[in-house]
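Enquirer: predicted coordinates and the sequence they were generated for:
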Amino acid sequence: MSQLSIAPATRPLCGMVTVPGDKSITHRALILGALAQGQTRVTGLSQGDDCLNTLRAVRGLGVDVQEIPEGVILTGKGLWGLTEPSNVLDCGNSGTGLRLLAGVLAGQDFFSVLTGDASLRSRPMGRVVKPLRQMGATISGRQGGELAPLVIQGGALKSVMYESPVASAQIKSCVLLAGLFTEGTTTIKEPMKSRDHTERMLGYLGIPLCVEGCNVHVEGRQSFEGKPIAVPGDISAAAFFLVAASIVPNSEILLTGIGLNPERTGILDVLSMMGADIAILNKREESGEPVGDLRARATRLTGTTIGPELIPKTIDELPILCVAAALADGETRIAGAQELRVKETDRIHAMAVELARIGVALEEQPDGLVIQGGSSLRGSVCQSYGDHRVVMSLAIAGLVAKEPILIEDVDCVETSFPGFQGKLLDLLTNSK
């Protein structure tokens, strides 16, 4: 069992840092590159285990992948050029990889099986199986298709209008990808708009698409050519350093080349509400996505309310925002975040237990947390729950605790942020 010990910071965080390529965009670039005609050059892609598993799955479907120093070059097979895999496709810990691949494989004329690790096999899959079955897919799985492994006998699909009960980019993307294989227009409606990486990439690649508020329509059976895709830095990874720079006295850091998709910048909105000193510099657009640099300086944070309207834009960053709340003045309320209970672990419960362990006063609620800020954090031995975001959030808390925090079972960080600890130590050693 691997461990990570974080000692209290004795100096500010200073310097420039890059973070891994955006996981969400990497998954989509690899999958759409496999379906394109010709070559797709993907640079800056995430090297975390989640995305590497999607890359292995794409290879398992017969796509030629050439590795280059900056990323990979995929020679796409077109919409119907994929080949039946000779083995089960293992998505590891990635719900994004499994759910998006399910949409693609539902439209292929062959048999395939999607699975993952123990955590992924416990997460809800019925939310994508249901619309795919409505489109004509034949899918079976544990508990009637509610849990992976998913067994898919692909074939002809029909276009549908699907109304999703929750705002979820994974559900939306699964349906849109399946819609590429249908005659006519496939529509998905959401109660609130979720992140739109799939829509942006489909548009960038020239696939006919229409977005009307929370409704997205895609035209099926439209072949498309591969194009270069530059993956920006993952703002969900940047979030840990933004909070660290905010809470460690006298810190100032610059994060370069960060994706600033407006459906992903809830972390910036919430930290701004808390009084953080964060500036966006050098804004630009790359491969259909807004990108910029972020400068963060230490300041005093205050508690705030993170309501249901902000949850879709902050869902992955809520664990580290819990740490910011613990160090802020006053109370922070998080509500409408029940989706956190079906992530890699039950993140509401995990953060409640571990923050209480290091001295934070809080109350766990069915859909969130009430956190009393201004806590003096103490050292402790903490658990990871096999969740990379829990590990990294507790590591940032360790920078401002009175004694070291030891986190057990931290190999899961490799799923999203290889080299996290090294980058954190570099910022500490840059300080004079």
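Expert: Everything's here; your move.
Enquirer: can we go C-alpha only for contacts and neighbour counts from here?
Expert: Fine.
Enquirer: residues touching Leu180, list them.
Expert: Taking Cα atoms under 8 Å, 6 or more residues apart in numbering, we find Leu180 in contact with 79, 218-222.
Enquirer: would you map the helices across the protein?
Expert: For the chain, the helices defined by DSSP state H cover 23-35, 49-60, 95-105, 126-134, 142-145, 169-179, 197-204, 235-247, 266-273, 311-314, 318-327, 347-357, 388-398, 420-429.
Enquirer: will you turn these into TSV that also has mean neighbour count and distance to Asp409?
Expert: Formatted as TSV, the helices of the chain follow (neighbours: other Cα atoms under 10 Å; distance: least, Cα to Cα, whole Å):
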stretch	mean neighbour count	distance to Asp409
helix 23-35	26	22
helix 49-60	22	16
helix 95-105	25	20
helix 126-134	20	30
helix 142-145	14	28
helix 169-179	26	27
helix 197-204	19	31
helix 235-247	26	19
helix 266-273	20	26
helix 311-314	22	25
helix 318-327	26	17
helix 347-357	20	14
helix 388-398	26	9
helix 420-429	16	14
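Enquirer: of all these, which one is nearest Ile405?
Expert: For Ile405, the closest of those is helix 388-398, at 5.3 Å, according to Cα to Cα.
Enquirer: so Ala34 sits against Ala57, correct?
Expert: No: judged on Cα atoms under 8 Å, Ala34 makes no contact with Ala57 at a distance of 10.4 Å.
Enquirer: what's the neighbour count on the residue nearest to Arg142 when sequence neighbours are not counted?
Expert: Nearest in space to Arg142, with sequence neighbours left out and distances taken as Cα to Cα, 6 or more residues apart in numbering, is Ala148 at 6.1 Å. Ala148 has 25 neighbouring residues, counting by other Cα atoms under 10 Å.
Enquirer: going forward, the N-terminal residue is numbered 44.
Expert: Let's use 44 as the start, then, which means that last one is Ala191.
Enquirer: and the pLDDT for Ala191?
Expert: The model reports Ala191 with a pLDDT of 98.
Enquirer: equivalent analysis for Ala210, please.
Expert: Predicted confidence (pLDDT) for Ala210: 88.
Enquirer: from what I can see it touches Met235, true?
Expert: Yes: here Ala210 lies in contact with Met235, judged by Cα under 8 Å, at a distance of 5.4 Å.
Enquirer: show me what contacts Phe192?
Expert: No Phe there; residue 192 is Pro. 156-159, 164, 184-185.
Enquirer: make a ChimeraX selection of the buried ones in those residues.
Expert: Those of the contacts of Pro192 that count as buried under 16 or more other Cα atoms under 10 Å are selected in ChimeraX with:
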select :156,157,158,159,164,184
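Enquirer: need the contacts of Pro192 in CSV with distance to Ile450 and pLDDT, can you?
Expert: Shown next, in CSV, are those (distance: Cα to Cα, whole Å; pLDDT from 0 to 100):
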residue, distance to Ile450, pLDDT
Val156, 35, 98
Leu157, 31, 98
Thr158, 28, 98
Gly159, 24, 97
Arg164, 24, 97
Gly184, 35, 98
Arg185, 33, 97
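Enquirer: coming back round to it: quickly list what's touching both of Ala77 and Ala100.
Expert: Residues touching both Ala77 and Ala100 (Cα under 8 Å, 6+ apart): none.
Enquirer: returning to that earlier point: and Cys455, which of the helices of the chain is closest to it?
Expert: Per Cα to Cα, nearest to Cys455 of those: helix 431-441, 5.1 Å.
Enquirer: which strands and helices lie in contact with that closest one?
Expert: Counting contacts by 3 or more Cα pairs under 8 Å, 6 or more residues apart in numbering; DSSP states H and E, helix 431-441 packs against strand 46-49, helix 278-290, helix 361-370, helix 390-400, strand 448-451.
Enquirer: Gln82: which of those is closest?
Expert: Closest of the helices and strands packed on helix 431-441 to Gln82 is helix 278-290, at 27.4 Å (criterion: Cα to Cα).
Enquirer: can you show me the CA trace of the closest one as CSV?
Expert: Extracted in CSV, the C-alpha atoms of helix 278-290 (Å, rounded to 0.1, in the frame of the first residue of the first chain):
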residue,chain,number,x,y,z
ILE,A,278,-8.6,22.9,-14.8
SER,A,279,-9.6,20.2,-12.4
ALA,A,280,-5.9,19.5,-11.9
ALA,A,281,-5.1,23.2,-11.7
ALA,A,282,-7.7,23.6,-9.0
PHE,A,283,-5.5,21.9,-6.3
PHE,A,284,-2.7,24.5,-7.0
LEU,A,285,-5.2,27.4,-7.1
VAL,A,286,-6.4,26.5,-3.6
ALA,A,287,-2.9,25.8,-2.4
ALA,A,288,-1.6,29.2,-3.5
SER,A,289,-4.6,30.8,-1.9
ILE,A,290,-4.2,29.3,1.5
